[in-house]
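Student: Kindly generate the corresponding structure for this input.
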Amino acid sequence: MNFNYLTGNFGIEIQAKELADVDQGTGLTLQNLWHEHELLVIRDMDLDTQAFVNFCSLFGELQKNYFFFQGHSEEYPQVARIIKEIGEKKNTGGIWHHDQGYYSKPVKGIALYGIDIPNRGGDTLFTSSTLAYESLSTAMQQVVKSLNVIHTTELMLKKQPISKLMESSGESSSGIERALKLMPLESAVHPAVCRNPVTGKPFLYLNRTTTSHFEGMTLDESSGLLDYLFKHIEKPEFNCRVQWRPGTLVLWNNHQVLHYAVNDYNQRRELHRVHFSAERPIKYL
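Tutor: Numbers count the residues shown, from 1 in each chain. As a prediction, the model looks like this:
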């Protein structure tokens with residue numbers, strides 16, 4: 001299978017013509033590429049909702065999305081529609097983050113499919129926490145891998161004007177506001193350094209959106225090291241930028257890769273999204 005590297009470090013791009021026959025063998029090849037490169041971008045796909053579900057099912061069992069509610073249907077409860085309409089100021093995901101770290105079994109994989117794309121802007125940034133861990137000094141690696149971290153939705157809720165969100169109507173509020181209104185308080189403890197069970201590679205499992213502190217430490221005691229690690233993970237050297245087009249399918253390892261939706265457009269944008277393989281992150285020993 002022919003592909004192009006997106007950066008010098010991680011992420012690959014494949015043309016849909018390379019996937020003319022998506023059989024079991026092709027699916028296994030794609031899974032191996034996904035494990036190794038963490039981020040797959042497949043261009044010029046032509047998928048209806050059923051075909052999108054079928055294709056993403058090659059990578060793992062699909063999960064119902066409990067954060068994005070727009071577009072859910074009885075027929076396709078796994079598929080969410082991520083929409084920003086003209087005139088909306090806020091977008092979804094405009095900060096570096098993993099998804100679902102506040103669950104004991106966060107989804108390992110996420111897939112997004114481009115439906116309605118602005119003629120410029122609206123890219124998504126990705127960063128590899130695998131590369132970030134590898135570049136730490138040996139002494140810092142030893143310190144961090146001895147720690148656990150607390151992930152919680154409380155951070156997300158504290159950063160929003162909740163009183164105003166609760167007063168706003170579903171019609172006038174943005175998609176992210178509607179989701180936050182329904183978000184419960186959830187938290188989970190995970191190792192600060194985990195490993196990919198297939199490749200064995202270690203990675204940092206923390207982000208500034210949901211990671212509040214180290215287990216057994218206070219917020220003040222945790223803040224200095226966490227801030228350093230957040231900034232380290234977000235360095236451009238570990239980044240990859242994906243430019244969307246209609247028919248672009250992006251799949252990434254949500255445990256190892258953080259993402260950031262760039263909010264630099266004022267046109268309608270719609271992506272379809274599925275989650276797959278809810279798994280507990282494994283501690284790296």
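Student: Tell me which stretches of the protein form helices.
Tutor: In the chain, the segments counted as helices under DSSP state H are 24-37, 49-56, 129-134, 138-144, 154-158, 162-167, 175-181, 219-233.
Student: Redo those as CSV? Include distance to residue 94, mean pLDDT and mean neighbour count.
Tutor: Backbone N, C-alpha and C define where each C-beta goes, glycine included. Formatted as CSV, the helices of the chain follow (distance: least, CB to CB, whole Å; pLDDT from 0 to 100; neighbours: other CB atoms under 10 Å):
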stretch, distance to residue 94, mean pLDDT, mean neighbour count
helix 24-37, 25, 90, 15
helix 49-56, 24, 94, 17
helix 129-134, 19, 98, 23
helix 138-144, 27, 98, 13
helix 154-158, 12, 74, 15
helix 162-167, 16, 39, 11
helix 175-181, 8, 57, 19
helix 219-233, 16, 97, 15
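Student: Next, format those helices as JSON lines and append distance to residue 265.
Tutor: As requested, these are exported to JSON lines (distance: least, CB to CB, whole Å):
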{"stretch": "helix 24-37", "distance to residue 265": "27"}
{"stretch": "helix 49-56", "distance to residue 265": "23"}
{"stretch": "helix 129-134", "distance to residue 265": "27"}
{"stretch": "helix 138-144", "distance to residue 265": "36"}
{"stretch": "helix 154-158", "distance to residue 265": "23"}
{"stretch": "helix 162-167", "distance to residue 265": "23"}
{"stretch": "helix 175-181", "distance to residue 265": "15"}
{"stretch": "helix 219-233", "distance to residue 265": "25"}
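Student: closest one to residue 97 among those?
Tutor: Among those, the nearest to residue 97 by CB to CB is helix 154-158 (8.8 Å).
Student: ok so, going back, of all the helices of the chain, which one is nearest residue 115?
Tutor: Per CB to CB, nearest to residue 115 of these: helix 49-56, 9.9 Å.
Student: Any stretches of the stretch 1-150 of the chain with poor pLDDT?
Tutor: 66-72 (pLDDT under 70).
Student: if we go to 80?
Tutor: 20-25, 64-74 (pLDDT under 80).
Student: Could you pull out the strands in it for me?
Tutor: For the stretch 1-150 of the chain, the strands defined by DSSP state E, counting those that start in this stretch occupy 4-5, 12-15, 39-43, 62-63, 80-84, 107-116, 124-128, 148-152.
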